[in-house]
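In: Build me a model:
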Amino acid sequence: MSLPPPRPAPLPIEIPPDLQSHYANIARIAHAPAEFVIEFARILPGETKAVVGARVIMSPVGAKLLLQALTDNLETQTAAPHAKPHALPEPLRRDCLDDADILDAATAAEVVSGWRVEEKPWVGRFGRVLVADQPGAELRSPFDGTSIGLYYVLGPDSGNFEWRLDDGQWQETCPFDVWAKEWPRPHYRILADGLPPGRHVLGLRISANKHADSKGTCLRLGYFMVSRW
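Out: Numbers count the residues shown, from 1 in each chain. So this is what the prediction gives:
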């Protein structure tokens, strides 16, 4: 009975202490009958040209071995769990956001007057928004929870809005800031927290007032933010 041939010992690999590492998110490959040339390059957001950081020349046999090694390692890496399941610790505060939610304003709001749905807003993160730009436009939104906030588009034409809870006194908010006059962006504001648990009704309307640098009195509302604790 013949014994299997002994496995070769691992090849020692020396890494020079001054070896430079290169990040690459692009690889360009060329080949000839006797060799493969792989150029590793990187391109960062906002750049228009990729920069080659390293060039590797291999034989066809070496390229096949590299392909096999990459395939084996990728299968192992994707199959292994990256985190073991474990129980979460107890919340540090009872009013944490474990039971929080965002509600689509277009379906959660009850329009009183002056609001319309915009299906393709010009800022990402919103599939659609409720829009009003005339002073006095009003809506109501019932919710169950202890806090309420708004997630909306803040931009050059954003104006003041007024809000109240459970038919209380109207309060005016000016969301405009130094960056709003330059470009539109997603923004949020918590209106009230620490409310008694249970049913509440948020009232919201467009104010005639606006910041001196604002170009309008518009509010583009994407979501209501609600915590039920």
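
In: domains in the protein, as residue ranges please.
Out: 26-75, 99-227 (automatic domain parsing).

In: So which elements touch the longest helix anywhere in the chain?
Out: Secondary structure of the chain read by DSSP state H shows that its longest helix is helix 60-79. Helices and strands in packing contact with helix 60-79 are listed as strand 35-42; criterion 3 or more CB pairs under 8 Å, 6 or more residues apart in numbering; DSSP states H and E. Just so you know, the C-beta spots here come from the backbone N, C-alpha and C atoms, and that holds for glycine as well.

In: rerun that using 10 Å as the cut-off
Out: Counting contacts by 3 or more CB pairs under 10 Å, 6 or more residues apart in numbering; DSSP states H and E, helix 60-79 packs against strand 26-32, strand 35-42, strand 51-58.

In: Okay, strands next: where are they in this protein?
Out: With DSSP state E as the criterion, the chain has strands at 26-32, 35-42, 51-58, 100-104, 110-113, 116-118, 129-132, 138-144, 147-154, 161-165, 171-173, 185-192, 199-206, 219-227.

In: Could you export the ones you listed to TSV, including columns for distance to Pro91, mean neighbour count and mean pLDDT?
Out: Formatted as TSV, the strands of the chain follow (distance: least, CB to CB, whole Å; neighbours: other CB atoms under 10 Å; pLDDT from 0 to 100):
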stretch	distance to Pro91	mean neighbour count	mean pLDDT
strand 26-32	44	11	93
strand 35-42	42	16	94
strand 51-58	46	13	93
strand 100-104	12	15	90
strand 110-113	33	13	96
strand 116-118	36	13	93
strand 129-132	32	23	95
strand 138-144	20	17	96
strand 147-154	15	22	94
strand 161-165	25	19	97
strand 171-173	29	12	97
strand 185-192	18	15	93
strand 199-206	23	19	96
strand 219-227	12	23	94
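
In: Roughly how far does the spatially closest residue to Arg128 that is not a sequence neighbour sit from Val52?
Out: Excluding the flanking residues, the one nearest Arg128 by CB to CB, 6 or more residues apart in numbering is Glu119, at 4.9 Å. Glu119 is 44 Å from Val52, where distance means CB to CB, to the nearest Å.

In: and the longest helix of the chain with strand 35-42, angle?
Out: 40 degrees (axes from the mean of the first three to the mean of the last three CA atoms, to 10 degrees).

In: List the contacts of helix 60-79.
Out: Residues from elsewhere that reach helix 60-79, judged by CB atoms under 10 Å, 6 or more residues apart in numbering: 29, 31-38, 56-59.

In: try 7 Å this time
Out: Residues from elsewhere that reach helix 60-79 (CB atoms under 7 Å, 6 or more residues apart in numbering): Phe36, Met58.

In: could we number from 866 for the rest of this?
Out: From this message on, residue numbering opens at 866, which makes the last subject helix 925-944.

In: Going by neighbour count, list what's buried in it.
Out: Buried positions in helix 925-944, judged by neighbour count with 16 or more other CB atoms under 10 Å: Ala928.

In: Could you verify my assumption that Leu1069 touches Phe1026?
Out: Yes: using CB atoms under 7 Å, Leu1069 makes contact with Phe1026 at a distance of 6.3 Å.

In: Look up the closest residue to the most centrally placed residue in the chain, ignoring the ones flanking it.
Out: With distances taken as CA atoms, centre = their mean, the residue of the chain nearest its centroid is Arg990 (7.7 Å). In this structure, Arg990 finds its nearest non-sequential neighbour in Pro1051, 4.9 Å apart by CB to CB, 6+ apart.
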